[in-house]
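# Attaching a predicted model along with its sequence, questions to come.
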Amino acid sequence: MLTLSQIRENSSFVIERLKVKNFDAKPIVDAITGLDKKQREIKTEAESLQAEMNKISKEIGILFKQGKQTEANEAKEKTSELKDQIKNLSADSEKLQNDIFALLVQIPNIPHESVPEGKSDADNLEIRAFGALPKLPETALPHWDLASKYNVIDFELGNKLTGAGFPVYKGKGARLQRALINFFLDENQKAGYTEYLPPLMVNEDSGFGTGQLPDKEGQMYHVTADNYYLIPTAEVPVTNIFRDVILSEKDFPVKCTAYTPCFRREAGSYGKDVRGLNRLHQFDKVEIVQIRKPEESYDALEEMVKHVESILKKLNLPYRILKLCGGDISFTSALTYDFEVFSAAQKRWLEVSSVSNFEAYQSNRLKLRYKDTETKKSVLAHTLNGSSLALPRIVAALLENNQTDKGIRIPEVLVDYTGFEYID
RNA sequence: GGAGAAAUGGCAGAGUGGUCGAAUGCGGCGGUCUUGAAAACCGUUGUGCGGCAACGCACCGGGGGUUCGAAUCCCUCUUUCUCCGCCA
């Protein structure tokens, strides 16, 4: 969430910039400004009364020590009215704070100045594209047909075990998953990322820290008996490692990577988009997370983009990079690049990575700060994350683009990991 | 799951109702001394909120309560440790 001081000091800037996200912030910002002013007045009053109360209490203590019982008891009587006043004022102040907070979390992150205007994904800006689009013969099959032809992914079986969107990978299909995971993790490690293997369920505090709660509650599977949430991405546990943490400057840059399965309810997604591997309830993903000083975060974002790009190049998949427009960028992000690979038999682009700078938006929720050695102040750090990469759509593109008469050709970089050159 | 013990500042560890935001030691930072370093000595060293500031308020695992006053007493939750049971 934005900080209160951002709104206090730059309310018109906040309102103006959020128009790019097609968000009318004025009513909320105005409401917050009013409540904030009132809250501070009340709090100041409550605190000065509390100061008086503390003073009297101290005096009573001294009187008792001196054996002046009568004076002490007289002083006691003065406190009861004060006590009531403080109680009422504190309650008011707390209520106002809660109201402000409830409004604050409704405001999306301010988009970076380079974010293009736009209504939907149709208005995203293509930054660059790489690789020729493969031309497949008319007989080419979409990946769901290839999956059953070569017996590597069983959607029906997953349906039996759990439900739609939970495929079962088998034989070389399972092996390919493991190969991709290891390949991605190795690439990330070479690029300086520390590997983590986090829990797959998180508590409410973690869900709030990265912004899934309270807004996107319906997107996560909720384990109600223990009030845990299945993670929709490794971003949640990994970024929350740094919740309530004050880093020192020597800790930077913080670069983490993690493989996890991801669980998403995807409520409201139907139709052809969900065919095969295109959209699943459980899928594997390798994530990268960085925590940076504010002045370095946009360099870090570019670095992450280049890194994800290098992996796609090694897999020899045709891809394009989009800068998301105001209408398509997420609630919490300031700037996002999407990576899409071309799935040749479906003849469509599939999103395989989304690399974002959240600036201080998550940090403010997480209370993730660092100590500035110059000013000795705590400053909110910037958080960034991206996929490197999401498996299913990579697999879909690999199956479709690499289909040959001899079977599915495995990219050279993966052969050491799979132990075979063809799925046949 | 049963029984018991505990949770205090970066770490260790005092503190059972009143100048305790918290002794002491270690660590960190600054300084004196030194050619330099070590040692020694002196000083300093938590976070958040409000305020231009002086300063004030809050925080001793979380939440609630008793009291004029709570690190200290009560309730509750969580976590850790020891013993027993069960178990991959």
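The structure has been received and is ready for your questions. Residues are numbered from 1 along each chain as shown, chains lettered A, B, ... in the order given.
# on contacts alone, who are the packing partners of the longest helix anywhere in chain A?
When chain A is parsed with DSSP state H, its longest helix is helix A:26-65. In terms of contacts (3 or more C-beta pairs under 8 Å, 6 or more residues apart in numbering; DSSP states H and E), helix A:26-65 is packed against helix A:4-18, helix A:69-104. C-beta coordinates here come from the backbone N, C-alpha and C atoms, glycine included.
# Who does the residue of the stretch 301-424 of chain A found nearest RNA strand B form a beta bridge with?
RNA strand B sits closest to A:S378 of the stretch 301-424 of chain A, with a gap of 3.1 Å, by C-beta to the nearest atom of the strand. Assessed by DSSP bridges, A:S378 has beta-bridge partners A:K371.
# Can you give me the neighbour number for it?
13 (other C-beta atoms under 10 Å).
# can you check A:S48 too?
A:S48 has 12 nearby residues by other C-beta under 10 Å.
# Against A:L213, how distant is A:N203?
Distance, A:N203 to A:L213, by C-beta to C-beta, to the nearest Å: 10 Å.
# Just the pLDDT for the closest residue to RNA strand B within the stretch 201-350 of chain A.
Nearest to RNA strand B in the stretch 201-350 of chain A, going by C-beta to the nearest atom of the strand, is A:I246, at a distance of 6.2 Å. With respect to pLDDT, A:I246 scores 82.
# ok, now how distant is it from A:N357?
Counting by C-beta to C-beta, the gap from A:I246 to A:N357 is 21 Å.
# Look at the two and report which has more neighbours.
Shown here are A:I246 and A:N357; by other C-beta under 10 Å, A:N357 has more neighbours (25 against 14).
# who's that one bridged to?
Residues in beta-bridge contact with A:N357 (DSSP bridges): A:L335, A:L384.
# Identify the residues contacting it.
For A:N357, the contacting residues are A:112, A:297-298, A:300-301, A:333-336, A:382, A:384, by C-beta atoms under 8 Å, 6 or more residues apart in numbering.
# repeat that for 6 Å
A:297, A:301, A:334-335, A:384 (C-beta atoms under 6 Å, 6 or more residues apart in numbering).
# count of neighbours near the residue nearest to A:I100 when sequence neighbours are not counted?
Nearest residue to A:I100, sequence neighbours excluded (C-beta to C-beta, 6 or more residues apart in numbering): A:L35, at 5.1 Å. Neighbourhood size, A:L35 [other C-beta under 10 Å]: 18.
# residues touching A:L35, list them.
Here A:L35 is in contact with A:96, A:99-100 (criterion: C-beta under 6 Å, 6+ apart).
# now, which of those residues sits nearest RNA strand B?
Among the contacts of A:L35, and counting by C-beta to the nearest atom of the strand, the member closest to RNA strand B is A:I100, at 10.4 Å.
# quick one, what contacts that closest one?
Taking C-beta under 6 Å, 6+ apart, one finds A:32, A:35-36 in contact with A:I100.
# can you tell me which of those residues are up against RNA strand B?
Counting by C-beta under 7 Å from any atom of the strand, nothing from the contacts of A:I100 sits close to RNA strand B.
# so where is chain A shaky, pLDDT-wise?
For chain A, applying pLDDT under 70 flags the ranges A:268-273.
# Near RNA strand B, which residues of it? Just list them.
For chain A, the residues in contact with RNA strand B (C-beta under 7 Å from any atom of the strand) are A:4-5, A:40, A:43-44, A:47-48, A:50-51, A:53-58, A:60-62, A:64-65, A:76, A:79-80, A:83, A:246, A:369, A:371, A:378.
# ok, of those, which come out buried?
Buried by 16 or more other C-beta atoms under 10 Å: A:4, A:43, A:50, A:53, A:60, A:369, out of the residues of chain A next to RNA strand B.
# quick check, nearest of those to A:I181?
Proximity of those to A:I181 (C-beta to C-beta) peaks at A:R369, which lies at 32.8 Å.
# Would you agree the closest one is in contact with A:S378?
Yes - using C-beta atoms under 6 Å, A:R369 is in contact with A:S378, at 4.2 Å.
# any residues in contact with both of these two?
Residues touching both A:R369 and A:S378 (C-beta under 6 Å, 6+ apart): A:I246.
# Tell me where the stretch 151-300 of chain A has helices.
In the stretch 151-300 of chain A, the helices defined using DSSP state H, counting those that start in this stretch lie at A:155-161, A:172-190, A:204-209, A:235-240, A:297-315.
# can you put those helices in TSV and add distance to A:Q403 and mean neighbour count?
Below are those laid out as TSV (distance: least, C-beta to C-beta, whole Å; neighbours: other C-beta atoms under 10 Å):
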stretch	distance to A:Q403	mean neighbour count
helix A:155-161	18	14
helix A:172-190	14	19
helix A:204-209	40	20
helix A:235-240	33	26
helix A:297-315	15	19
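# quick one, phi/psi of A:F252?
In terms of degrees, to the nearest 10, the main-chain angles of A:F252 are phi -90, psi 150.
# Strand partners (parallel or antiparallel) of the helix or strand harbouring A:L322?
Element membership for A:L322 (DSSP states H and E) is strand A:319-323. Applying DSSP bridges to the sheet, strand A:319-323 is found paired with strand A:125-130 (antiparallel), strand A:335-343 (antiparallel).
# So what touches the last one?
This means strand A:335-343. Contacts of strand A:335-343 (C-beta under 6 Å, 6+ apart): A:112, A:133, A:305, A:308, A:317-324, A:329, A:349-357, A:396-397, A:400.
# A:F263 contacts A:Q219, correct?
No - using C-beta under 6 Å, A:F263 is not in contact with A:Q219; the gap is 9.5 Å.
# helices and strands around the helix or strand hosting A:L399, which ones?
Using DSSP H and E, A:L399 falls within helix A:391-401. Packing partners of helix A:391-401 (3 or more C-beta pairs under 6 Å, 6 or more residues apart in numbering; DSSP states H and E): helix A:143-149, strand A:335-343, strand A:348-357.
# Report the angle between that helix and strand A:319-323.
Here the directions of helix A:391-401 and strand A:319-323 differ by 140 degrees (axes from the mean of the first three to the mean of the last three C-alpha atoms, to 10 degrees).
# could I get helix A:391-401 in PDB with only the CA atoms?
The C-alpha trace of helix A:391-401 is given here as PDB (Å, rounded to 0.1, in the frame of the first residue of the first chain):
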ATOM      1  CA  LEU A 391       6.600 -24.300 -16.700                       C
ATOM      2  CA  PRO A 392       3.300 -25.300 -18.300                       C
ATOM      3  CA  ARG A 393       3.200 -22.800 -21.100                       C
ATOM      4  CA  ILE A 394       6.900 -23.300 -21.800                       C
ATOM      5  CA  VAL A 395       6.100 -27.000 -22.100                       C
ATOM      6  CA  ALA A 396       3.200 -26.200 -24.400                       C
ATOM      7  CA  ALA A 397       5.400 -24.200 -26.700                       C
ATOM      8  CA  LEU A 398       8.200 -26.700 -26.600                       C
ATOM      9  CA  LEU A 399       5.900 -29.500 -27.500                       C
ATOM     10  CA  GLU A 400       4.200 -27.700 -30.300                       C
ATOM     11  CA  ASN A 401       7.200 -25.800 -31.800                       C
END
